[in-house]
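Novice: Okay, predicted coordinates and the sequence, questions at the end:
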Amino acid sequence: MKWEVVIGLETHAQLSTVSKIFSGAPTAFGAAPNTQACGVDIALPGVLPVLNTGAVERAIRFGLAVGAKINSPSIFARKNYFYPDLPKGYQISQFEKPIVEGGSVTIQVGDAEKTVRLTRAHLEEDAGKSLHEDFRGQTGIDLNRAGTPLLEIVTEPDMRSADEAVAYAKALHALVRWIDVCDGNMQEGSFRCDANVSVRPAGTQELGTRREIKNLNSFRFLQQAIEYEVRWQICEIEDGRTIQQATVLFDPETGETRMMRTKEDAHDYRYFPDPDLLPLEVTAERIAAVRDAMPVLPEVRREQFCAQFGLTPYDASLLTASRELADYFSTAAEGGDEKTGKLCANWISGALSARLNEEALDIGQSRVTARELRGLVDRIADGTISGKMARDVFDAMWAGEGDADAIIAAKGLKQISDGGEIEKIVDQVLAANARQVADFKAGKEKAFNSLVGQVMKASRGKANPQQVNDILRSKLAG
């Protein structure tokens, strides 16, 4: 039997406020345990929550970015459950009336585009953290995260593979960083995903029983967890067993998921409106003010890059992976034509990205500035150096030896583009390689490549490769 995979993601994005969602306690990462939890966070008797305006404005910003409806009023509710790191015995969240409703995110999977629909995005507070590793036979509780503002972003079950789920998670990660609502630091828990995974016979419409994989904090783990879970569910069903709705954890050491608890439904949490928080009214004026302060969105930048420089949607999507990267490309390609734009895009996605990855740097830490890269591209475009020479020049630029022009002059790398000079070298090579000339004329194309290599060697790599090809073919045809 053929199976279809059905995936929906719930993503918790920690909002980039300096204080918590209902208190003035700081949200900075890395503080000593329980030093950033105030009376509101630890639920001392008589304390009352006060809503953080910054969290609300960030939620509105996200809603506008995904084309969603901003609900007014939206309602805060109490989600009741017991866990040691939840001091109130409930979590303040939103249920029936979230602040953001609907919207969509466009993803790029290979050469294909797909739209993933969003169900909602709601504000809520984070719980604390249980620490098991440092206490033999015991569990420590750190309440620093308790009350940290989160935006939980929920999709429709629109994804059909682990590749699509990862593409969506990366697009969402880029978007929340682009609009500056979340720093996206997955190692610190600022951006983490829960994946709802089920399978069904291909061609059917009824959804299968889902299992939720919790707290995936890397794209690699997201991919591995979904792929394992899909295989496991299909094997279970084909062996005659039924899938039980459950919450599972992914173990990176084994590459397997394991059940943590049977999955609760909404009624198990006994949601009801929080009596300490009034309905949240968002005025049209506030929405307009947030919209006016928004940066140009990534999809608009992608369209601009494609229209102005003839880039493919895939290349444009690579260049808009972050706002900083898009700004770098814009600066490098500024004032250039289509050829210049494509060369800049290729160098940024190729050699520059490779260097950044090797040294674990982001684009803002690049040792070659956007304008310096443009200087290199201009020397390639005007024929001063070949593409092969350019790699050596780039390496020297990365090492801090100067800009492209200075390095070309210092190393004597200027390309030979004088047709007469190249013709003399070609004549010398043809005279010295009569056998290869005969092989080429007998139909052996490899002989031509060998002759090209001989010309490049004789010119110490400086001859314009295209001119070498053209002159050589003309001579051999004569």
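Specialist: The structure has been received and is ready for your questions.
Novice: Can you check the pLDDT for Lys263?
Specialist: Lys263 is assigned a pLDDT of 67 by the prediction.
Novice: For the remainder of this discussion, apply numbering that starts at 496.
Specialist: Let's use 496 as the start, then, which means that last one is Lys758.
Novice: For stretch 512-532, give the mean pLDDT please.
Specialist: Model confidence over stretch 512-532, given as mean pLDDT, is 95.
Novice: let me redo that: stretch 893-904
Specialist: pLDDT averaged over stretch 893-904 equals 94, rounded to a whole number.
Novice: residue boundaries of the strands in the stretch 546-695 of the chain?
Specialist: According to DSSP state E, counting those that start in this stretch, the stretch 546-695 of the chain carries its strands in the segments 564-565, 571-575, 585-589, 595-596, 599-604, 607-620, 624-626, 635-637, 644-650, 686-696.
Novice: List the residues that contact the residue nearest to Ala720 when sequence neighbours are not counted.
Specialist: Of all residues beyond its chain neighbours, the one nearest Ala720 is Phe745 (3.9 Å), with distances taken as C-beta to C-beta, 6 or more residues apart in numbering. Heads up, the C-betas are built off the backbone N, CA and C, glycines and all. The contact partners of Phe745, taken as C-beta atoms under 8 Å, 6 or more residues apart in numbering, are Ile708, Leu711, Phe716, Gln719, Ala720, Tyr723, Glu751, Thr752.
Novice: run the last query once more with 7 Å
Specialist: Contacts were defined as C-beta atoms under 7 Å, 6 or more residues apart in numbering; by that measure Phe745 touches Ile708, Leu711, Phe716, Ala720, Thr752.
Novice: Closest one of the residues you listed to Ser514?
Specialist: Among the contacts of Phe745, Leu711 lies closest to Ser514 (C-beta to C-beta), at 27.4 Å.
Novice: ok, the closest one touching Asn691?
Specialist: No - taking C-beta atoms under 7 Å as the definition, Leu711 is not a contact partner of Asn691, at 11.7 Å.
Novice: Who has more neighbours out of the two?
Specialist: With other C-beta atoms under 10 Å as the criterion, Leu711 and Asn691 differ in neighbour count, and Leu711 comes out ahead with 25 against 20.
Novice: give me the beta-bridge partners of the residue nearest to Ala720?
Specialist: Thr752 (DSSP bridges).
Novice: Let me know how buried the nearest residue to Pro696 once chain neighbours are set aside is, in neighbour terms.
Specialist: If the residues on either side of it in the chain are set aside, Pro696 comes closest to Met496, at 5.9 Å by C-beta to C-beta, 6+ apart. Here the neighbour count serves as a burial measure; for Met496 (other C-beta under 10 Å) it reads 7.
Novice: What distance do you get for Met496 to Ser656?
Specialist: Shown here: Met496 relative to Ser656, a distance of 18 Å by C-beta to C-beta, to the nearest Å.
Novice: just Gly597 next, same as before
Specialist: Counting by C-beta to C-beta, the gap from Gly597 to Ser656 is 24 Å.
Novice: give me the number of residues near the closest residue to Ile502 other than its chain neighbours?
Specialist: In space, not counting the residues next to it along the chain, Ile502 is nearest to Met654; the distance is 4.0 Å by C-beta to C-beta, 6+ apart. Summarising burial for Met654: neighbours were counted as other C-beta under 10 Å, giving 27.
Novice: Can you verify my assumption that Met654 contacts Ala662?
Specialist: No - shown here, Met654 and Ala662 do not form a contact pair, counting by C-beta under 7 Å, at 8.5 Å.
Novice: Correct me if wrong: Arg553 contacts Val676.
Specialist: Yes - when contacts are counted by C-beta under 7 Å, Arg553 is listed as touching Val676 (4.1 Å).
Novice: Residues in contact with both of those two, list them for me.
Specialist: Residues touching both Arg553 and Val676 (C-beta under 7 Å, 6+ apart) are Leu510, Ser511, Leu646.
Novice: And those residues, which is closest to Asp769?
Specialist: Leu646 (17.6 Å).
Novice: before we move on, the earlier item: if I look at the residue nearest to Pro696, how far off is Thr699?
Specialist: 11 Å.
Novice: try Phe716
Specialist: Look at Phe716 and Thr699: by C-beta to C-beta, they are 29 Å apart.
Novice: higher neighbour count, the two?
Specialist: More neighbours sit around Phe716 than around the other of Phe716 and Thr699, counting by other C-beta under 10 Å; the figures are 20 against 10.
Novice: On the three-state scheme, Thr698 is what?
Specialist: Just to correct that, residue 698 is Gly rather than Thr. Under DSSP: H, G, I helix; E, B strand; the rest coil, the three-state class of Gly698 is coil.
Novice: For it, grab the count of nearby residues.
Specialist: Using other C-beta under 10 Å, Gly698 has 7 neighbouring residues.
Novice: Name the nearest residue to Arg786, ignoring sequence neighbours.
Specialist: Distance criterion C-beta to C-beta, 6+ apart; nearest residue to Arg786, sequence neighbours excluded, is Leu559 at 5.5 Å.
Novice: got the CA positions of stretch 615-628 in CSV?
Specialist: Output in CSV follows, covering the C-alpha atoms of stretch 615-628 (Å, rounded to 0.1, in the frame of the first residue of the first chain):
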residue,chain,number,x,y,z
ARG,A,615,-3.4,30.9,14.3
ALA,A,616,-0.7,32.5,16.3
HIS,A,617,-1.3,33.2,19.9
LEU,A,618,0.5,34.8,22.8
GLU,A,619,1.4,32.8,25.9
GLU,A,620,3.9,32.5,28.7
ASP,A,621,6.6,29.9,28.9
ALA,A,622,7.0,27.5,31.8
GLY,A,623,10.1,27.0,33.8
LYS,A,624,12.7,24.3,33.2
SER,A,625,13.2,21.0,34.9
LEU,A,626,16.9,20.0,35.3
HIS,A,627,17.6,16.3,35.5
GLU,A,628,21.3,16.0,34.6
